[in-house]
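Asks: Here is my input, please return the structure:
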Amino acid sequence: MKRKGRPRSAFAAAGARWRGWSRWRRAGMILLVILTALLTPVGGAALYLRLHYAGTPADDARTRGRDAVWLGHAWVDGRRSDADVAGLATLLSGTGIKDLYVHTGPLEHDGALPAELHPNARWFVDTAHRLLPGIRVQSWLGDILAPEFDGMNVEDAATRERVAASATGILDLGFDGIHFDLEPVRSGSPGFLALLDRVRPITAARAALLSVSAPVIDPLPGLHAVGLAVADHGKWWSQGYFAQVARRADQVAVMSYDTAMPVKSLYGGYVAQQTGLALEVTPAGVDLLLGVPAYWANDLGHRGNAETVATAIRGIRLGLGRTERGRRNFGVAIYVDFAATARDWAEYRRDWGGIGVR
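Replies: Numbering: from 1, shown residues only. As a prediction, this is how the structure comes out:
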């Protein structure tokens, strides 16, 4: 029994107040505590990305003349003419664009590449070489992958052999490189590494490039494993796996878009972080490009008002300036020509392409 006049403890007082509340008030307080516990990490992550987007980009964090643009299938299927290529030359004049990734696939799920998909491929390569001197034309080959989709299985050796044969055939048409965009490659996939090892001697023998589209790197260590466990989706690569891929390629283009970031400050901070993470592990002799979203969409994965060319480039410049400011074999890759607007190209020229080096 408590002695009369003894002060009550803070815990006892709090307990008495709790018991005096109504059931609805107690339920509301419990909900508030749960929401606070859930939202605090989210708020911390948002602040972390916002800080990555703070600051002023370095004046010299601009094009090194190693940029690229993804081009749609119309350039090789008969819908384009010499006049269109001349217009493309005018559009790219004075920019840092060095590589064209022209869509010549998709590959069949078994790795084959039907010739009827790209009847005008040789015409485009020859015309681009004539009208855009110094520009490299790469064959953009892609497909959806198993096990996430009913698609190509890169873990199968026979499939990899057919992909290698397809790469050989497309290089016979005069392309300056092979640009693989196989999605989604799961972090740690040995089959994808084996595919690059198989194709690399083919491109090297012809002095051609082996280029790869890569997903973003884990913004938090191990996040790729969480994505697989929760949603069975290979959204991210570990930084270590990214490094393994980069060591097997001549060029890596990071698909730094479709991030689900709702506002510019978070998207720009995310891109700045991704730029730094990729720079840390990309070998000095490998071209590293960061993707820039020149298209509009509003869905769960992409907010058009947040993911803009200007925001992406500002984030890239911040990440470059903080991590490896003097790196020369670095650039941006614009996705995609048929969706890019005059404003997109103007932002690229203003914010990144001002040096005009090729």
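Asks: And the helices in the stretch 251-358 of the chain, which stretches?
Replies: Secondary structure of the stretch 251-358 of the chain by DSSP state H, counting those that start in this stretch: the helices cover 264-281, 309-323, 342-351.
Asks: Just put those helices in JSON lines and tack on mean pLDDT, distance to W237 and mean neighbour count.
Replies: Any C-beta I mention is one placed from the backbone N, CA and C, and that applies to glycine too. Shown next, in JSON lines, are the helices of the stretch 251-358 of the chain (pLDDT from 0 to 100; distance: least, Cβ to Cβ, whole Å; neighbours: other Cβ atoms under 10 Å):
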{"stretch": "helix 264-281", "mean pLDDT": "97", "distance to W237": "10", "mean neighbour count": "24"}
{"stretch": "helix 309-323", "mean pLDDT": "98", "distance to W237": "17", "mean neighbour count": "24"}
{"stretch": "helix 342-351", "mean pLDDT": "97", "distance to W237": "26", "mean neighbour count": "17"}
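Asks: For G142, which of the ones you listed is the nearest?
Replies: helix 264-281 (20.3 Å; Cβ to Cβ).
Asks: Residues touching the helix or strand where A167 lies, excluding its own?
Replies: Applying DSSP states H and E as the criterion places A167 in helix 157-171. Outside helix 157-171, the residues that touch it by Cβ atoms under 8 Å, 6 or more residues apart in numbering are 104, 107, 110-113, 115, 118, 121, 139, 141, 152-154, 178, 191, 194-195, 198-199, 202-203, 206, 208.
Asks: hmm, try it at 7 Å
Replies: Contact partners of helix 157-171, identified using Cβ atoms under 7 Å, 6 or more residues apart in numbering, comprise 104, 107, 110-113, 139, 141, 152-154, 178, 191, 194-195, 198-199, 202, 206, 208.
Asks: Chain neighbours aside, what residue packs nearest to the residue nearest in space to the middle of the chain?
Replies: Of all residues in the chain, the one closest to the mean position by Cα atoms, centre = their mean is M255, 1.2 Å from it. Spatial nearest neighbour of M255, excluding adjacent residues (Cβ to Cβ, 6 or more residues apart in numbering): G291 at 4.9 Å.
Asks: gap between that neighbour and V271?
Replies: 9 Å (Cβ to Cβ, to the nearest Å).
Asks: Residues in contact with both of these two, list them for me.
Replies: With contacts defined as Cβ under 7 Å, 6+ apart, the residues shared by G291 and V271 are S256.
Asks: from the contacts of helix 157-171, which ones fall inside strands?
Replies: Among the contacts of helix 157-171, the residues falling in strands (DSSP state E) are S139, L141, I178.
Asks: Show me which of these is closest to A346.
Replies: S139 (29.1 Å).
Asks: nearest to R248, of the ones in strands among the contacts of helix 157-171?
Replies: Using Cβ to Cβ, the ones in strands among the contacts of helix 157-171 come closest to R248 at I178, 12.5 Å.
Asks: Bridged to the closest one, which residues?
Replies: S139, L210 (DSSP bridges).
Asks: wait, isn't it in contact with V199?
Replies: Yes. Taking Cβ atoms under 7 Å as the definition, I178 is a contact partner of V199 at 6.5 Å.
Asks: Low-confidence stretches in this structure?
Replies: In the predicted model, the chain carries pLDDT under 70 at residues 1-45, 222-234, 354-358.
Asks: all strands for it, in order.
Replies: Using DSSP E, strands in the chain cover 67-71, 97-103, 136-144, 177-183, 209-214, 251-254, 287-293, 298-299, 302-303, 330-335.
Asks: okay if I get those as TSV plus mean neighbour count and distance to A46?
Replies: As requested, these are exported to TSV (neighbours: other Cβ atoms under 10 Å; distance: least, Cβ to Cβ, whole Å):
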stretch	mean neighbour count	distance to A46
strand 67-71	25	30
strand 97-103	26	33
strand 136-144	23	32
strand 177-183	24	27
strand 209-214	23	25
strand 251-254	25	22
strand 287-293	26	20
strand 298-299	9	20
strand 302-303	19	14
strand 330-335	26	25
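Asks: Is it possible to get TSV of those that adds distance to L279?
Replies: Shown next, in TSV, are the strands of the chain (distance: least, Cβ to Cβ, whole Å):
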stretch	distance to L279
strand 67-71	16
strand 97-103	19
strand 136-144	22
strand 177-183	21
strand 209-214	13
strand 251-254	10
strand 287-293	7
strand 298-299	30
strand 302-303	24
strand 330-335	8
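Asks: Identify the residues contacting the residue nearest to the centre of the chain.
Replies: S213, A214, P215, V216, G291.
Asks: out of the residues you listed, which one sits closest to A86?
Replies: Taking Cβ to Cβ as the measure, A86 lies nearest G291 of those, at 26.7 Å.
Asks: For A68, see how far away the closest one is.
Replies: 9 Å.
Asks: can you list residues touching both of the two?
Replies: Joint contacts of G291 and A68 (Cβ under 7 Å, 6+ apart) are A253, A333.
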